[in-house]
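Engineer: Here is my input; please provide its structure:
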Amino acid sequence: MSSDGALSRFSDGNFTSLCPNGSEWVWNGLGECAQDARDMASVVLGLLSIVCFMVSSMPQYYSSCRSGNMDRALSIWFLLLWLGGDSCNLVGSFLADQLPLQTYTAVYYVLADLLMLGMYTYYKARNQLRSDRSVLNVLGVLYLLGTSAVLVTPPGLELGGDAARAGSGRRTLLSVDEASIQAFSTKEIVGFTIGSVSSVLYLCSRLPQMYTNYKRKSTEGLSFFLFALVILGNTTYGLSVLLKNPDYGQGEASYVVHHLPWLIGSLGTLSLDLIISVQFMMYRKKHIDLIQSDETAALLGN
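Structural biologist: Numbers count the residues shown, from 1 in each chain. Next up, the predicted model:
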């Protein structure tokens, strides 16, 4: 047992002693102790959220490659704020000892953001300098190759010590007051602060994209499935954190407070993503009505 009371799979114990009656594959594969149905539901939802986040950017990649107007469809501030939020989320996850699944998701999404930002830069330059297409194509290929190399060999994640968060989670009163809030360590305070900044950046990132859609009165070039999968990913991500049993001796109120920035960052952006989804439906309907109006005018003209 570590100095702050969190059990670690890398301490002087083993799976049998540290996580009795737990799932061995979850312990060995994810560094978490899942001993009951709620823990397993948290793990399953966490894995589902990672899948949603992993594939969410792919429809936008495809849409951008097909339309070639990524620089007009997406707001650069949306991408930059999103990248800033994911970067702070990654640093905060390490410092605040968040669940391993949270850290895995943060690492992947930073890489995905960098790829999307690179594509935006490429299409922005290509559309402005079409005469120098060959040079831009070479730069684009080199960028994709470099990003692919990073994705294939990501930096190793050290989940030892406190960051493993593999405690024997049980919702039990014991000698702990459920209403009390466990004190933050200095490291956790820094991580909590960075996590709070990431939540603000996540919330602010949607506003430039909403304005861009409103200004264009269109969502052409923007993939609806990007936001649909992000909504699903954030929902399952938030639920996975809420369902996870607190560490041994930690009250539920303390557990929620320690994870609050990440909960706000995931569940708090849902309303804004839903507004963007409404924009998709509004502008799609307007586009269909415009086409039908043009067809009707053409028929009347004949």
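Engineer: Could you list the low-confidence segments of the protein?
Structural biologist: 1-16, 96-99, 101-102, 130-184, 248-249, 286-302 (pLDDT under 70).
Engineer: quick one: M70 and Y61 touch, right?
Structural biologist: No - M70 is not in contact with Y61 according to CB atoms under 8 Å; the separation is 9.2 Å. Using the backbone N, CA and C atoms, a C-beta is placed for each residue, glycine as well.
Engineer: Mutual contacts of the two, please.
Structural biologist: Both M70 and Y61 are in contact with M119, where contact means CB atoms under 8 Å, 6 or more residues apart in numbering.
Engineer: Looking at the two, which one has more neighbours?
Structural biologist: M70 (24 against 16; other CB atoms under 10 Å).
Engineer: where does the more buried one sit relative to F94, distance-wise?
Structural biologist: 31 Å (CB to CB, to the nearest Å).
Engineer: As a check, name the ranges of all helices in the stretch 51-200 of the chain.
Structural biologist: 70-73, 76-95, 100-128, 133-152, 186-216 (DSSP state H, counting those that start in this stretch).
Engineer: CA atoms of the first one as PDB?
Structural biologist: Output in PDB follows, covering the C-alpha atoms of helix 70-73 (Å, rounded to 0.1, in the frame of the first residue of the first chain):
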ATOM      1  CA  MET A  70     -11.800  21.500 -44.500                       C
ATOM      2  CA  ASP A  71     -10.300  24.900 -44.000                       C
ATOM      3  CA  ARG A  72     -13.700  26.500 -44.600                       C
ATOM      4  CA  ALA A  73     -15.900  23.900 -42.800                       C
END
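Engineer: Can you name every helix or strand that that helix contacts?
Structural biologist: Contact analysis of helix 70-73 by 3 or more CB pairs under 8 Å, 6 or more residues apart in numbering; DSSP states H and E lists helix 37-67, helix 100-128 as its packing neighbours.
Engineer: Packing partners of the longest one?
Structural biologist: When contacts are defined as 3+ CB pairs under 8 Å, 6+ apart, helix 37-67 sits against helix 24-30, helix 70-73, helix 100-128, helix 224-243.
Engineer: Repeat that for the shortest one.
Structural biologist: Using 3+ CB pairs under 8 Å, 6+ apart as the contact criterion, the secondary-structure elements in contact with helix 100-128 are helix 37-67, helix 70-73, helix 76-95, helix 133-152, helix 224-243.
Engineer: Can you lay out these as CSV showing distance to R126?
Structural biologist: As requested, the helices and strands packed on helix 100-128 are arranged in CSV below (distance: least, CB to CB, whole Å):
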stretch, distance to R126
helix 37-67, 11
helix 70-73, 9
helix 76-95, 15
helix 133-152, 5
helix 224-243, 21
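Engineer: Adding distance to T269, write the helices and strands packed on helix 37-67 out as a markdown table.
Structural biologist: Formatted as a markdown table, these follow (distance: least, CB to CB, whole Å):
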| stretch | distance to T269 |
| --- | --- |
| helix 24-30 | 25 |
| helix 70-73 | 20 |
| helix 100-128 | 13 |
| helix 224-243 | 6 |
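Engineer: Can you say which of these is nearest to G195?
Structural biologist: helix 100-128 (9.8 Å; CB to CB).
Engineer: how big is the angle separating that closest one from helix 37-67?
Structural biologist: Counting by axes from the mean of the first three to the mean of the last three CA atoms, to 10 degrees, helix 100-128 lies at 10 degrees to helix 37-67.
Engineer: Now helix 100-128: buried residues?
Structural biologist: The neighbour-count check on helix 100-128 (16 or more other CB atoms under 10 Å) flags 100-110, 112-123, 125-126 as buried.
Engineer: angle of that helix against helix 224-243?
Structural biologist: Going by the same axes, to 10 degrees, helix 100-128 is angled at 160 degrees with respect to helix 224-243.
Engineer: I50 - nearest residue in space that isn't next to it in sequence?
Structural biologist: Leaving aside its chain neighbours, I50 sits nearest to T105 (5.3 Å; criterion: CB to CB, 6 or more residues apart in numbering).
Engineer: let me redo that: I276
Structural biologist: Among residues not flanking I276 along the chain, F227 sits closest, at 5.3 Å (CB to CB, 6+ apart).
Engineer: what residues are up against that neighbour?
Structural biologist: D273, I276, S277, F280.
Engineer: and what of W82?
Structural biologist: Taking CB under 8 Å, 6+ apart, one finds D113, L201, Y202, S205 in contact with W82.
Engineer: Of the residues you listed, which is the most crowded?
Structural biologist: Neighbour-wise, these (other CB under 10 Å) top out at Y202, 24 neighbours.
Engineer: surely that residue meets L267?
Structural biologist: No - shown here, Y202 and L267 do not form a contact pair, counting by CB under 8 Å, at 10.6 Å.
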